[in-house]
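Chemist: What follows is a predicted structure for the sequence shown.
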Amino acid sequence: MPTLGHLINGTRHDGKGRTQDIFNPSTGEVAGQVRLADKATVEEAIAAAQAAYPAWRNTPPAKRARIMYRFKHLLEQHAEEIARLIGQEHGKICHDAMGELQRGIENVEYACGVPELLKGEYSKNTGPGIDSWSEFQPLGVVAGITPFNFPAMVPLWMYPMAIACGNTFVLKPSERDPTSTLYIAELAQEAGLPPGVLNVVNGDKEAVDTLLDDPRVQAVSFVGSTPIAETIYTRASSNGKRCQALGGAKNHAIVMPDADMDYVVNSLTGAAFGSSGERCMALSVAVAVGDTAANALVDKMKTQMETLKVGVFSDEANDFGPLITGAHRDKVVGFIDSAETQGADIVVDGRRPRVEGAENGFFVGGTLIDRVTPEMTCYREEIFGPVLLVVRVGSMDEAMQLIDDHEYGNGTCIYTRDGEAARYFSDNIQVGMVGINVPLPVPVSYHSFGGWKRSLFGDLSAYGPDAVRFYTRRKTITQRWPSAGVRESAQFSFPS
Ligand code: NAD
């Protein structure tokens with residue numbers, strides 16, 4: 001059985017010591033092992049990144065961009081193989097994996113524009129004969145720590161921009177599905193990155209702690225669950241590092257009485273159950289305003305869900321695949337059990353799906369739960385499974401209050417035909433990414449991605465323009481070339 005190692009200083013590194021099983025969640029079988037890097041191995045990767053930094057920092061941005069163009073081309077050339085690797089270890093259906101990769105590639109495209117993005121700011125004659133400019137310098141060695149649910153896309157949110165800005169990078173992917181991540185990093189290498197500019201260490205807490213504590217690491221980008229995001233942010237910032245830590249979510253859609261219910265049901269189905277609900281932007285709560293809207297939503301959704309196909313990743317006819325592990329499947333089932341015990345109405349029950357030929361896969365079918373109330377466990381916590389909750393409220397204000405009171409603030413959406421209601425909603429709701437009749441308002445690569453409240457710790461969002469700011473440090477230079485006459489008249493106060 002293969003054991004996946006690391007990528008350090010441009011070459012595969014087998015590593016030694018602890019390993020962890022990697023599953024094929026569609027079959028429930030162990031497909032391989034991943035090496036869990038110890039402190040010394042992570043330090044080796046940091047040292048490689050540190051050594052590569054001076055030359056990379058001084059490489060012209062246009063040359064760095066040219067490597068990104070080649071990288072984009074290689075990602076497109078190898079898309080099918082990447083989608084297969086994602087599906088095999090994550091379980092998402094190949095068409096969904098291709099979609100994930102495409103969103104990742106868009107971040108590489110954005111990084112191709114780095115010479116333009118790094119032009120800086122310039123002011124002539126800020127005083128007599130004085131010019132002033134701000135330039136955006138790279139930070140040095142930067143680390144990224146990524147979750148299992150987007151093994152291709154989330155790392156691509158990070159290192160293309162970090163590297164294009166002149167930093168060197170150490171990536172610690174999820175240990176649950178690391179193969180596609182490593183494969184993609186090797187394509188970046190093939191595109192022309194010098195050794196040490198991008199390093200990948202597989203591992204768990206030991207590897208992460210080493211990155212957080214090492215003084216050579218200047219900044220940390222993290223994406224994962226909120227409890228870990230908070231710990232990472234606290235530890236990295238107390239060590240003096242710049243940190244952005246994106247966490248979990250509970251994304252609500254308000255369904256107004258005037259909404260086009262067929263459209264709502266169609267778009268909610270994809271947004272709630274796509275990728276088995278293992279998306280930080282999955283729409284997991286529908287807040288129906290009024291019983292008429294709620295009844296129509298539940299009836300139509302129930303009918304629509306009869307057509308949902310759950311199954312193995314390799315069958316393109318399936319809508320979504322298994323959950324990532326048996327333990328996670330049990331956790332999701334536990335949330336559905338708790339909803340039932342606490343008095344909610346299980347309208348469609350996906351706890352025991354029959355998937356012919358893949359009986360040991362980690363499957364949960366699409367589940368619809370009505371009459372959920374805010375104190376229920378299934379409402380308070382992020383389920384991260386193919387489960388859609390329906391909460392019934394009496395007014396739009398009540399719906400908005402519910403969303404504002406939730407600890408998470410990643411994404412949200414309103415379904416309505418009323419422009420004024422939509423405008424009021426987007427203006428006032430305490431959530432970072434808002435959709436108006438768009439259930440998954442994931443920003444494109446030339447905007448930035450970030451939630452509010454406990455969905456993001458730090459000041460800057462991921463990718464896009466915020467990434468330029470996160471991965472660079474502003475330096476402002478004020479310049480004068482004095483004449484001999486000026487040198488004779490020293491000034492001791494600010495000019496008035
Ligand atoms: P996770 O928090 O378990 O793991 C994320 C990363 O942290 C992994 O690389 C893991 O190895 C590492 N890690 C785990 N425990 C650690 C510990 N104790 N100390 C140090 N490092 C540790 O998250 P996950 O289960 O891989 O991913 C799913 C979660 O990620 C969900 O909560 C989802 O909402 C969130 N997510 C958020 C976004 C976003 O943009 N906000 C995007 C994708 C996923």
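Modeler: Sure, I can see it.

Chemist: contacting residues for the residue nearest the centre of the chain?
Modeler: Compute the mean C-alpha point of the chain, and by C-alpha atoms, centre = their mean the closest residue is residue 154, 4.6 Å away. By C-beta atoms under 8 Å, 6 or more residues apart in numbering, the contact set of residue 154 is 146, 147, 223. (Each C-beta comes from the backbone N, C-alpha and C, glycine too.)

Chemist: Now do the same for the last one: its pLDDT.
Modeler: Looking at residue 223, its pLDDT reads 98.

Chemist: Residue 345 too?
Modeler: Value for residue 345, per-residue pLDDT: 98.

Chemist: which one of the contacts of residue 154 sits closest to the ligand?
Modeler: Checking these against the ligand with C-beta to the nearest ligand atom, the nearest one is residue 147 at 3.0 Å.

Chemist: thinking again about what came up before, out of the contacts of residue 154, which is most surrounded?
Modeler: residue 223 (27 neighbours; other C-beta atoms under 10 Å).

Chemist: Contact partners for it?
Modeler: Neighbour list for residue 223: 145, 146, 147, 154, 157, 229, 245, 246, 280, 462 [criterion: C-beta under 8 Å, 6+ apart].

Chemist: Go again with 7 Å.
Modeler: 146, 147, 154, 246 (C-beta atoms under 7 Å, 6 or more residues apart in numbering).

Chemist: Any chance of the backbone angles for it?
Modeler: phi -140, psi 130 (degrees, to the nearest 10).

Chemist: for this protein, which spans come out with low pLDDT?
Modeler: 484-490 (pLDDT under 70).

Chemist: Show me it divided up by domain.
Modeler: For the chain, automatic domain parsing gives the domain ranges 3-247+455-477, 251-436.

Chemist: Next, format those domains as JSON lines and append distance to residue 447.
Modeler: Shown next, in JSON lines, are the domains of the chain (distance: least, C-beta to C-beta, whole Å):
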{"stretch": "domain 3-247+455-477", "distance to residue 447": "5"}
{"stretch": "domain 251-436", "distance to residue 447": "9"}
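
Chemist: how about a markdown table for those domains, with distance to the ligand added?
Modeler: As requested, those are exported to a markdown table (distance: least, C-beta to the nearest ligand atom, whole Å):
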| stretch | distance to the ligand |
| --- | --- |
| domain 3-247+455-477 | 3 |
| domain 251-436 | 3 |
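
Chemist: which one of the ones you listed lies closest to residue 449?
Modeler: Residue 449 lies closest, by C-beta to C-beta, to one member of the domains of the chain: domain 3-247+455-477, at 4.6 Å.

Chemist: measure that closest one end to end?
Modeler: Using C-alpha to C-alpha, to the nearest Å, one end of domain 3-247+455-477 lies 50 Å from the other.

Chemist: One more: stretch 312-329?
Modeler: 15 Å.

Chemist: swap in stretch 136-152?
Modeler: Where stretch 136-152 begins and where it ends lie 28 Å apart, using C-alpha to C-alpha.

Chemist: cool, stretch 434-452 as well?
Modeler: End to end - C-alpha to C-alpha - stretch 434-452 spans 11 Å.

Chemist: quick one: buried residues of that stretch?
Modeler: 434-435, 437-443, 445, 448-451 (16 or more other C-beta atoms under 10 Å).

Chemist: What are the contacting residues of that stretch?
Modeler: With C-beta under 7 Å, 6+ apart, stretch 434-452 has contacts from 106-107, 109-110, 246, 249, 253, 267-268, 271, 281, 283, 408-415, 422, 426, 430-433, 456, 461-467.

Chemist: Now intersect those with the helices, please.
Modeler: Under the assignment DSSP state H, those contribute 106-107, 109-110, 267-268, 271, 422, 426, 464-467 to helices.

Chemist: out of those residues, who's nearest residue 167?
Modeler: Of those, the one sitting nearest to residue 167 (C-beta to C-beta) turns out to be residue 467, at 10.9 Å.

Chemist: ok, the closest one - contacts?
Modeler: Counted by C-beta under 7 Å, 6+ apart, residue 467 has contacts 161, 448.

Chemist: do that again at 6 Å, thanks
Modeler: residue 161 (C-beta atoms under 6 Å, 6 or more residues apart in numbering).

Chemist: same question, residue 98
Modeler: Residue 98 touches residue 83, counting by C-beta under 6 Å, 6+ apart.

Chemist: element containing it, please.
Modeler: Assigned by DSSP states H and E, residue 98 belongs to helix 94-111.

Chemist: quick one: buried residues of the helix or strand just after that helix?
Modeler: Using DSSP H and E, the next helix or strand after helix 94-111 towards the C-terminus is helix 114-117. Under the neighbour-count criterion of 16+ other C-beta under 10 Å, helix 114-117 has 114, 117 buried.

Chemist: what's next to stretch 40-47, contact-wise?
Modeler: 8, 15, 170, 199, 201, 207, 210, 214, 216.

Chemist: picking up where we left off before, do you know which of the domains of the chain lies nearest residue 492?
Modeler: Across those, closest to residue 492 is domain 3-247+455-477 (C-beta to C-beta), at 15.5 Å.
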